[in-house]
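[1] A structural model of the following input is requested.
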Amino acid sequence: MWDKRFFSWAIPTRWLPVRAIICVMMFTACWTSYMCRLQMPILAVPMIAAEVNNSSVSGACVQEHSADVVTPKLAALWRNPDEVLHDIVAGEISRSKRQADDKLNPGQREIGDLMSGRPFDWSPQVRGQLLAAYAYGNVPGNLLGGIMSMRFGPRQTILWTSLVAAIASLLSPILANIHWGALLGTRVLVGLTGGVIFPACHTMVAKWSPPDEKARFVWSLLGGTFGTILTYPMIAGIADHVNWECGWYIPSALMLVWVFFWYLLAYDSPLEHPAITEEEKNFIITSQAGTVRSEKPSLKETPLGQIFSSVPFLSLVVCHFGNLFLLFFYQNSMMLYLTKALGFQLTKGGFLASLPWLGRMVFGFFFSWAGDTVKKRQIISLTAFRKCATIFCKQLYRVNDVQYGATAHFLPGICLIVVGYVGCSFTLANVFLFLALGFNGAASIANLSNNQDLSPNYAGFLYGIMNTIGTTTGMIIPPMVEAIAGKYGTNMRSWHGPILWYLKHSTVVYQEILFADSSEEDTNITALLMYKHFAYYNDILVTNSIRNSLNPIDKWQIVFWIGAAVCIFCMIVFIIGGSAKIQSWNEPRQRDAKNATSANA
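    Next comes the predicted model:
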């Protein structure tokens, strides 16, 4: 009764269809889920102290004569190399002592450090594990989400998993100060809850969407894209201007507020909603007649054998794998590419990293509208539509039986390749990154919709399976990028002049500055560091092959080629084996058995 009174007071259902409210709530569910998802990839930059060769410069595209990209540290080095290099070595002494203290007292920090914004001295391997941890939980979470949405309904499933994710993210800074393993555990838990969200949303799409509006309902699942647009600049800005701890606290608190509204407004189906009009309820149920059951299917009725032997579904799984490979690459690695390889500051990098996601959401809305329009009006025949798709390489969409999606895979793959070859042209790099993810917006009418076509009754379960397999890319990409692109190294050429000048003119002065009033231990550490840094930089100056090997853009080109190859291969598999026809196993086995019995009688 309370829920109904709330709706009659707060929601004018006569003018605003309830299904539109449900669509908005699914949009925001994906939005808040992505907020928690992206916290670690963004905050890894300020949370984890860069290594000396990485912290010394700001990226391969730092240029001596460009006022837009020369950093304060680089400018200071040219003006006063003695002072800056002294600070570098002094900082290394402090870091060495801090690492020694951490070994004696692992995980121990003072209470004041909880909001100090001090970075951790974690290795690149630890960083890679923390970035991949979300996928460790996300993989089983997707399968669990399909089962939970069948057993408990999508409303309760999303409610409780979102609450757990918000609390886990809220505790992340505290646990990180205890030990990085504790933070890794929370990221696995957040990944587990995030994996549950999308299969549950697909179950709601099947229950709430009329067939002619399905693509627009599926577009609501791009709420994660909208969340990404806001999350990148928001969290990066908070970390840059306050501290990285608040980058955890503020989004987590916002998610807790959202959970309350989900509890008030979301319902599993039109039959359960307390305020839906009879007219709207009958419209939805009538339009879905023969494809969607009113009762919840049970796991015992699920035709597992037929599902896992279905060529259209297996082709969809491969297609979805390619789509998530592209998305996880952007989520886990794009901030590192923009800030470490190209040399953007954190806040600017966060803003630029969000722009491609804006393109994906806008393009996705257009593709969704176009898909529903083509399907409803049957503008051209399916055969002609398919031939056009083959000729112009722009298809992986489905209109009943047509696949329309190289836009979602082929064009993004080509754009990724181009990004690796535009060098330090910031404008071109961002344009092609924008187009790559923008064209991927066609996924809203491709792999994100196709499970609804194959089996509306098991749409959430199917999505759980395909997302379980697809999210393994999140475990593959961070270590792969780490192995290929190294420790996100940066180009040293901008530092050759000042370092060479220093080696020739200031060695004696520098030694006197550093060794004055120093203990024997500090002197030994400093001498070792000086030898390490000067020998290293001297090798860079005289060895052209080493200098070229340190250019990270060359290494990132390999990463971009791999991403493009995966996307295009998965597209080809789907074009060959994909379908959009409702499969015979959409109806439960028990009903099939009854029909067979009556036919024999």
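
[2] show me where pLDDT drops low in the stretch 501-601 of the chain?
    Screening the stretch 501-601 of the chain residue by residue with the criterion pLDDT under 70, one finds the ranges 501-552, 588-601.

[3] Sorry, wrong one. I was asking about the stretch 1-150 of the chain.
    Per-residue confidence of the stretch 1-150 of the chain (counting by pLDDT under 70) places the weak regions at 1-15, 50-117.

[4] mind redoing it with 50?
    Along the stretch 1-150 of the chain, the parts satisfying pLDDT under 50 run over 1-10, 12, 52-58, 63-79, 81, 104, 106-112.

[5] CA atoms of stretch 225-236 as PDB?
    As requested, C-alpha coordinates have been extracted for stretch 225-236 and formatted as PDB (Å, rounded to 0.1, in the frame of the first residue of the first chain):
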ATOM      1  CA  THR A 225      28.500   4.200 -20.800                       C
ATOM      2  CA  PHE A 226      26.900   7.300 -19.300                       C
ATOM      3  CA  GLY A 227      28.300   6.400 -15.900                       C
ATOM      4  CA  THR A 228      31.700   6.200 -17.500                       C
ATOM      5  CA  ILE A 229      31.400   9.600 -19.100                       C
ATOM      6  CA  LEU A 230      30.700  11.100 -15.700                       C
ATOM      7  CA  THR A 231      33.000   8.900 -13.600                       C
ATOM      8  CA  TYR A 232      36.300   9.500 -15.500                       C
ATOM      9  CA  PRO A 233      36.400  13.300 -15.000                       C
ATOM     10  CA  MET A 234      34.600  13.200 -11.600                       C
ATOM     11  CA  ILE A 235      36.900  10.800  -9.900                       C
ATOM     12  CA  ALA A 236      40.100  12.100 -11.700                       C
END
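
[6] Make 51 the first number, not 1, from now on.
    In the new count, where the first residue is 51, that last one comes out as stretch 275-286.

[7] Could you give the average pLDDT over that stretch?
    pLDDT averaged over stretch 275-286 equals 80, rounded to a whole number.

[8] now swap in stretch 354-367 and tell me
    Stretch 354-367 shows a mean pLDDT of 88.

[9] Go ahead and name everything in contact with that stretch.
    By C-beta atoms under 8 Å, 6 or more residues apart in numbering, the surrounding residues in contact with stretch 354-367 are 497, 500-501, 504-505, 508, 512, 515-516, 519-520, 623-624, 626-629, 631, 633-635. (Each C-beta comes from the backbone N, C-alpha and C, glycine too.)

[10] Let me know whether residue 82 touches residue 277 as I believe.
    Yes - here residue 82 lies in contact with residue 277, judged by C-beta atoms under 8 Å, at a distance of 6.6 Å.

[11] helix or strand right after the helix or strand harbouring residue 268?
    Assigned by DSSP states H and E, residue 268 belongs to helix 264-269. Sequence-wise, the next helix or strand beyond helix 264-269 is helix 273-291, with elements assigned using DSSP H and E.

[12] Check which residues of that following helix are buried.
    Residues of helix 273-291 classed as buried by neighbour count (16 or more other C-beta atoms under 10 Å): 273-286, 288-290.

[13] re the thing from before, for the contacts of stretch 354-367, which ChimeraX command selects only the ones that are buried?
    When burial is assessed using 16+ other C-beta under 10 Å, the buried subset of the contacts of stretch 354-367 is captured in ChimeraX by this command:
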select :497,500,501,504,505,508,512,515,516,519,520,623,624,627,628,629,633,635
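
[14] Surely residue 216 touches residue 306?
    Yes - between residue 216 and residue 306 there is a contact at 4.8 Å, judged by C-beta under 8 Å.

[15] and the two? which has more neighbours close in?
    The residue with the greater number of neighbours, taking residue 216 and residue 306 and applying other C-beta atoms under 10 Å, is residue 216; the counts read 24 against 16.

[16] ok, now how distant is that one from residue 379?
    Remark: distance between residue 216 and residue 379 (C-beta to C-beta, to the nearest Å) = 26 Å.

[17] Check residue 282 too.
    15 Å.

[18] And for residue 213?
    30 Å.

[19] Please say which of these two ends up with more neighbours.
    Under the neighbour definition other C-beta under 10 Å, residue 213 and residue 379 were set side by side, and residue 379 has more, 26 against 17.

[20] Find the residue closest to residue 519 in space, skipping its chain neighbours.
    Counting by C-beta to C-beta, 6 or more residues apart in numbering, the nearest residue to residue 519 once its immediate chain neighbours are dropped is residue 367, at 5.5 Å.

[21] Count residues in the vicinity of that neighbour, would you?
    Taking other C-beta under 10 Å as the neighbour definition, residue 367 ends up with a count of 23.

[22] Check which helix or strand it maps to.
    Under DSSP H and E, the secondary-structure element containing residue 367 is helix 361-386.
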